[in-house]
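Here is a sequence together with a model predicted from it:
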Protein chains: 2
Amino acid sequence: MFQLRQSDSRNRLLGALAPEDFARLAPALERLPLHLHETLIHAHEPLSHAYFVETGLVSLVAATEGGRIEIGLIGCEGLAGVPLVLGTDRGPFLGIVQGGGEALRVPAGALREAIDASPALRNVLSRYVLSLMIQMGCTVYANAELNVEARLARWILMTHDRLNDGAMPLTHEFMAMMLGVRRTGVTAALYVLTGAGMVRASEGRITVLNRDKLKDLAGDTYGPAEAEYERLLAEA
Amino acid sequence: MFQLRQSDSRNRLLGALAPEDFARLAPALERLPLHLHETLIHAHEPLSHAYFVETGLVSLVAATEGGRIEIGLIGCEGLAGVPLVLGTDRGPFLGIVQGGGEALRVPAGALREAIDASPALRNVLSRYVLSLMIQMGCTVYANAELNVEARLARWILMTHDRLNDGAMPLTHEFMAMMLGVRRTGVTAALYVLTGAGMVRASEGRITVLNRDKLKDLAGDTYGPAEAEYERLLAEA
DNA sequence: TGATAAGGGTACGATTTCGGACACAGCGAT
DNA sequence: ATCGCTGTGTCCGAAATCGTACCCTTATCA
């Protein structure tokens, strides 16, 4: 069994850590695959691990009898298991794998010890939490004020950031659930985005063609969370 | 100049602190009035203080050219200035006083030192941040799935928790802005809530008559954040 | 006392989104 | 070849919400 090196990780948070902080976590990190539609984080159950996402996508989801809505999106820039950073071991939301990939997981106890031991590590993770809060705040705004097209544009941008992949495997059905709209609403909105040259859509795949136009459509709901995240990395 | 005692504060977070943690903050705490419509926290500007709310209401607001939407509500249970808890001095949202009252403010530097010095204090404030995140997550859900009536019911419940006052001074215009709907939409929704015996509304005042019915209407969007908060206090 | 502003009630057509149904194409399995 | 599933496109009436305008009441204050 060998020690994971910092350069072996594609997670941007782990990459931003001071070498000594990475070394603190490294012995406890374990690489594991993220399977599509796997529920990584269960509501109201103790979290055994936090997950530094390497590749793929994890959705933070609020679930009720009435339906499921995505409230947060986590990719290689982030960490699933925020309650562990904030001093408790459970939360009311789900973490569901929406795009297959890999993660490095760390046991709850080891993460807690490392956070308590290192102010710098605490700072990086806390500020990631802040960027996630900002993302959620922008989603609140988007859900209240934006039409389906603009919300979809924002969501595609956010997903694109996290997959930086040409053709993203996204079905209308899936996007409809994430945004809390009808599937046919997504079909219609996507038709508009396609016609405007923003994306290309075919057989369960979305290809981003023009990020600037998508940003124009999403307005101020895309940007603040990303800016805060970059500021975090720049200062870390 | 005398030292503030823990029993002098009506803020529930301050009340939940261990005496030594309160003592750590007390010398830096300064009582000040919250004036209606005052902007306590400005977007993208360094926060000089964090505010433990004693009485009154502070709204966390996302503002764009397109409008303003409330993304979080803070009262005597909480703290305005969350970025300071998370290791930075600014954020993209506004904090606006929506109900006059008082707060105990603490300078950013003093708060940071106290947090770094005390894991227990850190824990209380971090978990408050989590409850605020949960509140925001529920708001995302509510804005995506609930109609105006249910959203209004939820918002009245949350406000009532924080003012525990019979007659809350809330205009239709104001509630409309907070929820991101038309004023007449609030008028109509309020008419329904009144007809169902949930509230009484008159001349800029809302009186809660039946919390259970309001909870039924709000569904699962009211409760999770409050439960997490109570769990925090119980364990602190 | 009268003017003015703020809060609230009502109405109307326009627009968005909903909820559901149906059709069709591609694809894998039997 | 055929069945059945998934993903997609299209259509319809119904409902919610929007945007706007107008009017009334009440409170405040000169």
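Sure thing, it's come through. Note that the coordinates shown come from a computational prediction; the quantities given were computed from them, not determined experimentally.

Need the residues that contact the helix or strand of chain A with the lowest mean pLDDT.
Sorting the helices and strands of chain A by mean pLDDT, DSSP states H and E puts strand A:167-169 at the bottom, at a mean of 82. The contact list for strand A:167-169 (C-beta atoms under 8 Å, 6 or more residues apart in numbering or on different chains) reads A:99, A:156, A:159-160, A:204-208. Every C-beta, even on glycine, is put in place using the N, C-alpha and C of the backbone.

mind listing which of the residues you listed are in helices?
Among these, the residues falling in helices (DSSP state H) are A:156, A:159-160.

now check stretch A:161-175, is it near DNA strand C?
No: using C-beta under 7 Å from any atom of the strand, stretch A:161-175 never reaches DNA strand C; the gap is at least 11.1 Å.

and the least confident of the contacts of strand A:167-169?
Of all the contacts of strand A:167-169, A:Gly204 carries the smallest pLDDT score, 77.

Now do the contacts for that residue.
Residues near A:Gly204 by C-beta under 8 Å, 6+ apart: A:169-171.

switch the cut-off to 6 Å
A:169, A:171 (C-beta atoms under 6 Å, 6 or more residues apart in numbering or on different chains).

ditto for A:Leu79
Shown in contact with A:Leu79 (C-beta under 6 Å, 6+ apart): A:50, A:52.

picking that back up, pull the distance from the least confident helix or strand of chain A to the chain's centre.
Distance, stretch centre to chain centre, for strand A:167-169: 16 Å (C-alpha atoms, centre = their mean, to the nearest Å).

Could you list the buried residues of it?
Using 16 or more other C-beta atoms under 10 Å in any protein chain shown as the burial criterion, the residues of strand A:167-169 that qualify are A:Met168.

The closest residue to DNA strand C within chain A: how many residues sit nearby?
Residue nearest to DNA strand C within chain A: A:Asn147 (3.1 Å; C-beta to the nearest atom of the strand). Per other C-beta atoms under 10 Å in any protein chain shown, the neighbour tally for A:Asn147 reads 12.

Against DNA strand D - does the least confident helix or strand of chain A have any residue that ends up touching it?
No: if you take C-beta under 7 Å from any atom of the strand as the test, strand A:167-169 misses DNA strand D, and the best it gets is 8.9 Å.

Quick check: next helix or strand after that strand?
helix A:172-179 (DSSP states H and E).

What are the buried residues along that following helix?
Along helix A:172-179, these residues count as buried under the neighbour rule (16+ other C-beta under 10 Å): A:172, A:174-179.

Could I get the CA-only coordinates of that helix as CSV?
Output of helix A:172-179 as CSV, limited to C-alpha atoms (Å, rounded to 0.1, in the frame of the first residue of the first chain):
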residue,chain,number,x,y,z
HIS,A,172,-34.2,15.9,-20.6
GLU,A,173,-35.9,13.8,-17.9
PHE,A,174,-32.9,14.2,-15.6
MET,A,175,-32.5,17.9,-16.1
ALA,A,176,-36.3,18.4,-15.6
MET,A,177,-36.0,16.7,-12.2
MET,A,178,-33.0,18.7,-11.2
LEU,A,179,-34.7,22.0,-12.1
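
which bits of chain A sit near DNA strand D?
Neighbours of DNA strand D within chain A, by C-beta under 7 Å from any atom of the strand: A:171-173, A:183-184, A:187-188, A:190-191, A:201, A:203-204.

for chain A, longest strand please?
Secondary structure of chain A per DSSP state E: the longest strand is strand A:49-64.

Could you pull out the helices in chain A for me?
Counting by DSSP H, chain A has helices at residues A:12-16, A:19-25, A:82-85, A:108-117, A:119-145, A:148-163, A:172-179, A:183-195, A:211-218, A:224-235.

Show me what counts as buried in the last one.
Using 16+ other C-beta under 10 Å as the burial criterion, the residues of helix A:224-235 that qualify are A:224-226, A:228-229, A:232-233.

re earlier: buried ones only from the contacts of strand A:167-169, please, as a ChimeraX command.
Of the contacts of strand A:167-169, the buried ones can be selected in ChimeraX as follows, counting by 16+ other C-beta under 10 Å:
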select /A:99,156,159,160,206,208
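
Could I get the contacting residues of the one residue sitting closest to the centre of chain A?
Central residue check for chain A by C-alpha atoms, centre = their mean: the C-alpha nearest the mean position is that of A:Ile74, 1.1 Å away. By C-beta under 6 Å, 6+ apart, the contact list for A:Ile74 reads A:53, A:58, A:80.

could you dump those to JSON lines with neighbour count?
Below are the contacts of A:Ile74 laid out as JSON lines (neighbours: other C-beta atoms under 10 Å in any protein chain shown):
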{"residue": "A:Val53", "neighbour count": "29"}
{"residue": "A:Val58", "neighbour count": "28"}
{"residue": "A:Ala80", "neighbour count": "25"}
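
Closest to B:Thr39 out of those?
Closest approach to B:Thr39 among these (C-beta to C-beta): A:Ala80, at 34.5 Å.

For that closest one, give the beta-bridge partners.
In this structure, A:Ala80 bridges to A:Tyr51 when assessed by DSSP bridges.

How about the contacts made by it?
A:40-41, A:51, A:58, A:74, A:95.

What's the separation between it and A:Tyr51?
Counting by C-beta to C-beta, to the nearest Å, the gap from A:Ala80 to A:Tyr51 is 4 Å.

One more: A:Glu113?
According to C-beta to C-beta, A:Glu113 and A:Tyr51 sit 18 Å apart.

Please apply the same query to A:Glu77.
Separation of A:Glu77 from A:Tyr51 (C-beta to C-beta) stands at 13 Å.

How about A:Arg122?
Here the criterion is C-beta to C-beta. By it, A:Arg122 lies 18 Å from A:Tyr51.

Please read off the pLDDT at the residue lying closest to A:Gly67 once chain neighbours are set aside from the model.
Leaving out its chain neighbours, the residue that sits closest to A:Gly67 by C-beta to C-beta, 6 or more residues apart in numbering or on different chains is B:Glu145, at 6.1 Å. The model reports B:Glu145 with a pLDDT of 93.

Fine by me, we can end here.
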